[in-house]
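Engineer: Return a 3D structure for these sequence lines:
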Amino acid sequence: MAKNEESSVLFSLNELMNLEEERINQEEADKAARERAAADAREAEARRAREEEERRMREEAEVRRQEELRAKEEQTRLAAIQQAEIEKAKAEAENQARLAAMKEQQAHEAKLMSLKQDESKKRLKVAVGSAVGLLVLALAGGGFTVMRTAQEREKQAALRLEAEMREKKAAEEAERARKEAEENQKRLIDEINKLKADLESASDADKEAIQAELNKKLEKAGAGGGRRPSGGSKPSSASKPAKPSKPKPACDCPPGDPLCSCF
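Structural biologist: Okay, the predicted model is just below:
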């Protein structure tokens, strides 16, 4: 009986020890599971943080790339504007040089015309002197007819010389006007071609202003009668000034004079 009780107590102790051991093992397993879950959660959080940081870095890199692209585009646009300004200044300098050369040529032509006029005046004085000499001879000989003839010749020579001078002056002025018109036309065509080239290479923001300036130049070319940049016909000979006709000298011969040159 005592052995049975002792065996029963030992069994109970063993059961209790087994239960306690199972409880401890379960607690340790639960603790290990919680630790694993916490580790998994920490790892997931770290992975999420890494992914978030990588995404943020990619976004910042994309923003920097877009900013660099915009900066390059702005630099390209500014360089194009600067180049256009340089070309415009160069064209203006060339135009100023052409204008200076044209003014110098005009001054030279004016000086030549002044010299020619002085020479014509000298010839007129010589002719007048000759006529006066003839008049003196006529008076010395007492011939009224000779005096009349000399006077008429003097007047005709003076009128012819004056007409030649007017004709020469008109021709020189017409030639100068023609050269000036050609220079203005060529300069306008150069400006139009330059604006067309600028329009092709300009940005959208600058095209409107360049197109407006080009339209003004084209209207000016059409209003001035100049040829378009694509070509045009040469001015006809009808645009040349007509030569002035020689004035007919006044007739003051006495009626019935058989030697009168008016008839």
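Engineer: By residue count, tell me the biggest helix in this structure.
Structural biologist: helix 2-141 (DSSP state H).
Engineer: Which positions within the host helix or strand of D206 qualify as buried?
Structural biologist: Counting by DSSP states H and E, the element that carries D206 is helix 204-223. For helix 204-223, the neighbour count (16 or more other Cβ atoms under 10 Å) marks D206, I210, L214, K217, L218, A221 as buried. Yep, even glycine has a C-beta here, placed from its N, CA and C like the rest.
Engineer: Return the closest of those residues with respect to D198.
Structural biologist: D198 lies nearest to I210 out of the buried residues of helix 204-223, by Cβ to Cβ, at 5.3 Å.
Engineer: one step back: with pLDDT and distance to E27 added, can I get the buried residues of helix 204-223 in TSV?
Structural biologist: Below are those laid out as TSV (pLDDT from 0 to 100; distance: Cβ to Cβ, whole Å):
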residue	pLDDT	distance to E27
D206	83	81
I210	84	86
L214	84	92
K217	80	97
L218	85	97
A221	74	102
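Engineer: from these, which is closest to Q185?
Structural biologist: A221 (8.0 Å).
Engineer: right, and the closest one touches N193 too?
Structural biologist: No - here A221 lies out of contact with N193, judged by Cβ atoms under 8 Å, at a distance of 11.4 Å.
Engineer: Buried ones in stretch 178-197, by neighbour count?
Structural biologist: E183, Q185, R187, L188, I189, E191, I192, K194, L195.
Engineer: Mind checking the pLDDT average for stretch 81-88?
Structural biologist: Taken as a whole, stretch 81-88 has a mean pLDDT of 90.
Engineer: Hmm, I typed the wrong one, I wanted stretch 47-65.
Structural biologist: The model assigns stretch 47-65 a mean pLDDT of 93.
Engineer: ok, residues contacting it?
Structural biologist: By Cβ atoms under 8 Å, 6 or more residues apart in numbering, the list of residues contacting stretch 47-65 from outside is empty.
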